[in-house]
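>>> this one's structure only:
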């Protein structure tokens, strides 16, 4: 029989908050971690894949351990990205809905620092932060973390690489007597070094949900394409998923921008996020995606870290990730909370040899996705052309006289006849364009 949160020692107020969120049964990582954090004193290293409920695993016992009579900052939670930090903050606020006395602050980078400094003048029990912003606030003496009791690192494997300078600076300012809880989806050498350098010798190691890379429900597939057909194959795939939501990952900001522009041209409901966008724009795009106003999110790996968005049907790796860890975090955006999902990787022929390495390292199996044939690709282009016409906004600058003359030309055509003629015209144009392109290639070769 499954345990309940009450069996793990979670108090009544927090149980009410969970009930409001319709959360009743703990996940594996929560079941293993919560009693250790609540009832033991040792540092904790928890290894669990994305989408397994790590925030509640440390957040619930932490909220319960806070001394509400103590007005000092008692806990610092570090996250590698603004999006994850804001998500952790929102989750803690939701969990503690029936604990009105507890005070939580979010101080992530990318937004003005002055309001955060003003917020920290008020009583604050828990600070959720990105390393760079917290280090800046400490330097400005706007926050005092010298007496904290709990130090939590979420998605720690990301912080010990890209954000190590800020992390080292913060660790120097917190007391050695604090309790450290480290959560990670992978265990590279840098994490092992961090554990050795900054955590106590008596560390409790917890491992959960490691049978697969996050979920039994992910179907890992790959498709091999020529560079020239890559976009067309993707558009065919996306057009076969009407009404479903997904995330497409690219290696670079420039690639994100270029792909997002192509999706917009082809009238897909999509948005894009990467690190160079302002926090306001990123928040707006993420809000639209969370609320299902957008079907597709194009992103750099920034979006792979800890984002918990329900009903993501598929993830597409438009570029093969550089590391196994990145693949874990990307694919972990789908098949969350017991659902099924597809992780499709688009490869060029020379990259196919890498698939075996990903399979061996991650303990997963990739199946080959059947690429659409040439005729299906051409048919899909025609469908996208029709969709563009359907979604085109009327041009109000066209004179009424001209419109009247055009209507007269089409007046005797039925709807079916008009569609036939429009289609014939489009196919004739595309045929001419293809012939010219072929001739141009032949000329260049000669």
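Looks like it came in fine. Note that this is a predicted model, so its numbers are computed, not measured.
>>> which residues in this structure form strands?
Taking DSSP state E as the test, the strands found in the chain are 43-48, 75-78, 104-107, 126-129, 150-153, 179-184, 203-208, 218-224, 245-249, 270-273, 296-299, 312-317, 341-347, 367-368.
>>> With mean pLDDT, distance to residue 64 and mean neighbour count added, can I get those in CSV?
From N, CA and C alone the C-beta is placed, and that goes for glycine too. Listed next are the strands of the chain as CSV, based on pLDDT from 0 to 100; distance: least, Cβ to Cβ, whole Å; neighbours: other Cβ atoms under 10 Å:
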stretch, mean pLDDT, distance to residue 64, mean neighbour count
strand 43-48, 92, 15, 22
strand 75-78, 96, 12, 25
strand 104-107, 96, 14, 22
strand 126-129, 97, 12, 27
strand 150-153, 96, 12, 24
strand 179-184, 93, 14, 24
strand 203-208, 91, 18, 16
strand 218-224, 95, 33, 19
strand 245-249, 95, 34, 25
strand 270-273, 93, 34, 24
strand 296-299, 95, 35, 26
strand 312-317, 95, 31, 22
strand 341-347, 95, 33, 23
strand 367-368, 94, 44, 10
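>>> Mind checking these for the one nearest to residue 417?
If you check each of these against residue 417 by Cβ to Cβ, strand 270-273 wins as the nearest, at 34.0 Å.
>>> Show me what the closest one packs onto, helices and strands only.
Identification of packing neighbours for strand 270-273 by 3 or more Cβ pairs under 8 Å, 6 or more residues apart in numbering; DSSP states H and E yields helix 253-265, helix 279-290, strand 296-299.
>>> Now with 10 Å, please.
For strand 270-273, the helices and strands in contact under the criterion 3 or more Cβ pairs under 10 Å, 6 or more residues apart in numbering; DSSP states H and E are strand 245-249, helix 253-265, helix 279-290, strand 296-299.
>>> what about the stretch 101-250 of the chain, any weak spots by pLDDT?
Applying pLDDT under 70 to the stretch 101-250 of the chain flags residues 160-164, 209-216.
>>> Looking at the helices and strands packed on strand 270-273, which is nearest to residue 346?
Evaluated with Cβ to Cβ, those place strand 245-249 nearest to residue 346, the distance being 9.4 Å.
>>> In JSON lines, list the helices and strands packed on strand 270-273 along with distance to residue 89.
Written out in JSON lines, the entries for the helices and strands packed on strand 270-273 read as follows (distance: least, Cβ to Cβ, whole Å):
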{"stretch": "strand 245-249", "distance to residue 89": "22"}
{"stretch": "helix 253-265", "distance to residue 89": "26"}
{"stretch": "helix 279-290", "distance to residue 89": "13"}
{"stretch": "strand 296-299", "distance to residue 89": "21"}
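>>> dump the residue contacts of residue 225.
Residues in contact with residue 225 (Cβ atoms under 10 Å, 6 or more residues apart in numbering) are 231, 232, 233, 234, 346, 347, 348, 349, 371.
>>> quick revisit: how about the strands of the chain in a markdown table, adding distance to residue 27?
Conversion of the strands of the chain to a markdown table gives the following (distance: least, Cβ to Cβ, whole Å):
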| stretch | distance to residue 27 |
| --- | --- |
| strand 43-48 | 9 |
| strand 75-78 | 19 |
| strand 104-107 | 22 |
| strand 126-129 | 21 |
| strand 150-153 | 18 |
| strand 179-184 | 13 |
| strand 203-208 | 8 |
| strand 218-224 | 16 |
| strand 245-249 | 22 |
| strand 270-273 | 27 |
| strand 296-299 | 25 |
| strand 312-317 | 18 |
| strand 341-347 | 17 |
| strand 367-368 | 27 |
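>>> circling back to that earlier point, give the ChimeraX command for selecting the buried subset of the contacts of residue 225.
Once 16 or more other Cβ atoms under 10 Å is used to decide burial, the buried members of these can be selected in ChimeraX as follows:
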select :231,232,233,234,346,347,371
